[in-house]
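1. take a look and give me a structure for this.
(4 chains)
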Protein chains: 2
Amino acid sequence: MGTAGRRDETSTGTDVAPRVRRRPTQADVARQAGVSVSIVSAVINDRQYGNIRVSDATRQRVRKAVQELGYAPNLAARGLAGGTNRLIGVFTFQRIFPLAKEDFFYEFLVGVEEAAEEEGYNLLLLTAAKDKAGQRSLYPEGTNGMQLADGGVLAGWDESADEIRRLAAEAYPFVFIGRREIPGVELSYVAADYRSATRELTDRILRSGRTVAFVRGSSAPELVPGRQQGFREALGASPTNQRDDATFATLPPEPSLLDYAQLVTWASEHSVDCLLVENSRHAVGVDEVARSRPSGARLQVLSLGGAPEEEAAARLGGLVIPRREMGREAVRLLVRLITEPGAGPQRTTLPVEVHVPA
Amino acid sequence: MGTAGRRDETSTGTDVAPRVRRRPTQADVARQAGVSVSIVSAVINDRQYGNIRVSDATRQRVRKAVQELGYAPNLAARGLAGGTNRLIGVFTFQRIFPLAKEDFFYEFLVGVEEAAEEEGYNLLLLTAAKDKAGQRSLYPEGTNGMQLADGGVLAGWDESADEIRRLAAEAYPFVFIGRREIPGVELSYVAADYRSATRELTDRILRSGRTVAFVRGSSAPELVPGRQQGFREALGASPTNQRDDATFATLPPEPSLLDYAQLVTWASEHSVDCLLVENSRHAVGVDEVARSRPSGARLQVLSLGGAPEEEAAARLGGLVIPRREMGREAVRLLVRLITEPGAGPQRTTLPVEVHVPA
DNA sequence: CTGTTAGCGCGTTCAT
DNA sequence: ATGAACGCGCTAACAG
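-> Alright, predicted model coming up:
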C-alpha cells in the first residue's frame, strides 16, 4: 500500500524536465495513503460528512501521508468550495496610513487588526480603489471593489452618499466606523456618544463657575453635530447662561501658530476660562500658545477629539474617544453581518470617557 | 440580441425561494451581455487568448453588464485557476499596528501603501495567520496564508528561518524589508546601509576630538551587525583610539528611567562626550535625562534608528532611516518579481542619511 | 466504513 | 469573432 502511486510527477513519459515541484494535493495524499480524497478531506478537517466515519487505522495512514508529503491545503480551493474567503475589506475614503501618525485612522486600525486577528479574518486594504479622477472610490471603474472581501469596514469622510447607497442596495455587508445617517438606507455602524460626553464635560465646567467656549475645527463631519449639540444642551440647562459672542470660535482647516494665538487672545478678551477644541491636534497647539503667555496661564484647553493613546491630548484632558474599541466593535458587527445574513442593521454606540486632569 | 438569455436565476421551475442573493459570476455577466464566459474573461483581463479577438461592440456590452451587475472577480477562483489578483500580501512577524505608534512597522507601511496605490495593487494584511500557539506564522495550521496574494512583503523579526525557507521553496515571490541572510536561500530584500552611515557619523564625532560610546538596545536583530560594524570601523580607523571600557554600553529590553540615568552617569564617569543609541525611543529618553542634569548638559545623544518622521529623534539627530522609501522599494521589487518570474532575487540597499543638528 | 462525483468561479485551449 | 469544454484543489452530497 505504501507502494501505491509511485510516480511523483504526472510524467507522461516525455518531457520529464526539471519542472517546478508542484505542491502536493489531497489527491496525492489519497494516493499515498491508498484511500480516496473524501477520506483525506474528512481527516484533515476532522469532520464527518453525512455518514462518513473513518477508522483509526485509516486516520493514522492519512496523517502519515500528509507528513511525508508535506501536504498543506490550498486556501484558494478551500475558499472556492466554501464560497467565502475570510477576508474583511477595509476602505477609507482618505489614505489609510497618513503621514501624520496622530491622524484619524490609526487607532481605529489598531482595533480592527486586533479583532480581525481574534476572529480569524485577514484584512484587505483597498488601496488601489481609485476612479479615473484619482479619487478613492468604492466603485473604481464602476465595479464594486469591496466585493473581493466577504464584507467591509468603512471609515473616513465621503462626499457622495451615492456609493454607499449602492453598496447597501447590493446587500453587501459593511459597517461604518462613526455614525452615518443616509436617508432611505439602514446603515450599520459603530458610533461614540459624543453628545452625552460633551454635555457632561461642559456641565462640569459651568458648575465650577467658569465660562467656556467651543472651538470648531476641521474634524470628521459626522462627529460635529453630536458635540455641538451636547455643548448647547449644557448651556441651555445652565442657570448662568453665557453671552453668545463668547460661545463659539472657529479655526481654519490648517491653522497656523498665528491662528492659535488669535484664538487665545480672543478667549482672553472675552473672559473665557476654558476652551473646548474639537480637534485634538489643534487643542495641543492652542494650549502650547496659551501657556507661553503669562496672561494665558489661567486658560484651560480641553480636547474634544483625543484618542486614548494620544499622550499630548491626554495631558490636556477632555473627551477620550475609544477609537480602538470602535475598530474592534466594527469588526465584530461585521462578522455578525457576514455569518448571519438575515440579521438587520447592526449598531453600537460606545461611551466616550470624560477626563479632566486634576 | 439583448433579449438572449432572459432568466436571471437558474430557475428550475421549483424552489424559487427568496434565496440569498448570490454574488454575480462571470456566467451572470455573460448571460446579461448575451455572450459566453470566455469573452467575459477576455474582456475583464484585457487579454487575447490564442486567437480570441473581441469586437469593440461586444467589449462595451460586457463592460456594461459588469457595471449593472456589480460584478467582481472571485479571488479564490482566480487564484485556483492560476490567475493573478493584483494583491500584495503584507506579513509582519509581530503585530502590524502596535499600540506604540512610533514602533517599527508604521513608516514602512506608509511607503508600502503609497507604492501599492501607485502600482495599482491592493494590500492583503495577514492578521489571521496564527499557529496553534497563537504566534504569528506564515504557515498557520500548515497552510500558506498568502496564497490569495500574488506575492508578499515581509517584515519583522522571525525566530524560525524554516518558514521562510519553505516559502522560498514554493517559489512564492516575496521581499523582505530589512536585510535577511538565510544560508541556502536567495532572498530578495531592501536593506539600508547602516554600516556606512554609522561609520561616517562616528568618524565625524571622532574628528571633532570627542569621545563616543555605542549604546546597544533592543532593536531588530538584523540591523545590529551593520551598525556595530560601522562603529568599529570608524574606531579602528581613528588615530586616537578609545579606551575599551568606555566604548559599549547596553540597555535592557524595556529600560526604565533609572536605566537611562545610570547610563548618563556612566557616560559622565568615563568622560564620554557623545552617545550613539541604537533605539530612537531610548535615545529620546536618555537625552531627556541628560538634559535634566547640570552635569549632563554637555552630553550629546544621537539616535541610530530614527525614522524621518519621528520628530523627537529628528531633533536629536543621528541616523535617519528611510523607512518609508524602504517600504516603497519593497513593493517595487515585489512587483518586478511578480511580473517577471524569470528574474533572480531582487536587492536594493538604500542610503541612510546622517543628520547632526547644528 | 469508504469511493465516486458534482460543483465552486475562473483562465485557457480548441473547435467553430 | 465567439462558444464549449476542461482543469485548478477542495468540500460535501451521494452511492455503495
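2. show me the domain layout of chain A.
-> Following automatic domain parsing, one gets these domains for chain A: A:26-73, A:87-192+A:324-352, A:194-320.
3. the strands in chain A, which residues?
-> Per DSSP state E, chain A carries strands over the ranges A:87-92, A:122-125, A:151-155, A:174-177, A:189-192, A:212-216, A:248-250, A:274-277, A:300-306, A:318-320, A:347-350, A:353-355.
4. from residue B:321, how far out is residue A:106?
-> Residue A:106 sits 20 Å away from residue B:321, taking Cβ to Cβ, to the nearest Å as the criterion. For every residue, glycine as well, the C-beta is placed using N, CA and C.
5. that should have said residue A:265, apologies.
-> Using Cβ to Cβ, we find residue A:265 at a distance of 41 Å from residue B:321.
6. any low-confidence regions in the stretch 201-350 of chain A?
-> Across the stretch 201-350 of chain A, residues meeting the criterion (pLDDT under 70) sit at A:218-224, A:241-243, A:296-297, A:308-309.
7. do the stretch 51-200 of chain A as well
-> Along the stretch 51-200 of chain A, the model assigns pLDDT under 70 to residues A:51, A:96-104, A:131-132, A:141-144, A:159.
8. residue A:106 and residue B:321: which is more packed in?
-> More crowded of residue A:106 and residue B:321, by other Cβ atoms under 10 Å in any protein chain shown: residue B:321, with 26 against 22.
9. and for the closest residue to residue A:76 other than its chain neighbours, the neighbour number?
-> Ranked by Cβ to Cβ, 6 or more residues apart in numbering or on different chains and with sequence neighbours excluded, the top spatial neighbour of residue A:76 is residue B:79, at 3.6 Å. Applying other Cβ under 10 Å, we find 23 residues neighbouring residue B:79.
10. I'd say residue B:79 and residue B:87 touch.
-> No. Using Cβ atoms under 8 Å as the test, residue B:79 is too far from residue B:87 to be in contact (9.1 Å).
11. who touches both of these two?
-> Applying Cβ atoms under 8 Å, 6 or more residues apart in numbering or on different chains, one finds that residue B:79 and residue B:87 are jointly contacted by residue B:148.
12. residue A:322 - nearest residue in space that isn't next to it in sequence?
-> residue A:350 (5.2 Å).
13. residues in contact with the one you found?
-> A:190, A:191, A:192, A:193, A:322, A:325, A:326, A:329.
14. quickly list what the first one is bridged to.
-> This points to residue A:190. Following DSSP bridges, residue A:190 is listed with bridge partners residue A:177, residue A:348.
15. next one: it from residue A:267, what distance?
-> Remark: distance between residue A:190 and residue A:267 (Cβ to Cβ) = 34 Å.
16. so if I had to pick from these two, which one is more boxed in?
-> Neighbours were counted for residue A:190 and for residue A:267 using other Cβ under 10 Å; residue A:190 has more, 28 against 25.
17. so the more buried one makes contact with residue A:331?
-> No. Taking contacts as Cβ under 8 Å, residue A:190 lies outside contact range of residue A:331: 9.4 Å.
18. give the residues shared as contacts by those two.
-> Taking Cβ under 8 Å, 6+ apart as the contact criterion, the common neighbours of residue A:190 and residue A:331 are residue A:175.
19. would you map the helices across chain A?
-> Using DSSP state H, the helices of chain A run over A:26-33, A:37-45, A:56-69, A:75-82, A:105-119, A:161-169, A:194-207, A:224-237, A:257-269, A:280-291, A:311-316, A:323-339.
20. would you mind listing the buried residues in the fourth one?
-> Applying a neighbour-count criterion of 16 or more other Cβ atoms under 10 Å in any protein chain shown, the buried positions in helix A:75-82 are A:75, A:76, A:77, A:78, A:79, A:80.
21. closest to residue B:154 out of the domains of chain A?
-> domain A:87-192+A:324-352 (15.1 Å; Cβ to Cβ).
22. start and end of that closest one, how far apart?
-> End-to-end distance of domain A:87-192+A:324-352: 30 Å, with Cα to Cα, to the nearest Å as the criterion.
23. then stretch A:174-181?
-> In terms of Cα to Cα, the two terminal residues of stretch A:174-181 are separated by 14 Å.
24. the domains of chain A: which one's closest to DNA strand C?
-> When the domains of chain A are compared by Cβ to the nearest atom of the strand, domain A:26-73 sits nearest DNA strand C, at 3.3 Å.
25. touching DNA strand C at all, the closest one?
-> Yes. Using Cβ under 7 Å from any atom of the strand as the criterion, contacts between domain A:26-73 and DNA strand C involve A:34-39, A:49-55, A:57-58.
26. what's the closest of these to residue A:286?
-> residue A:49 (65.2 Å).
27. any idea how many residues pack against residue A:342?
-> Other residues near residue A:342 come to 5 when the count uses other Cβ under 10 Å.
28. next: residue A:39.
-> Per other Cβ under 10 Å, the neighbour tally for residue A:39 reads 21.
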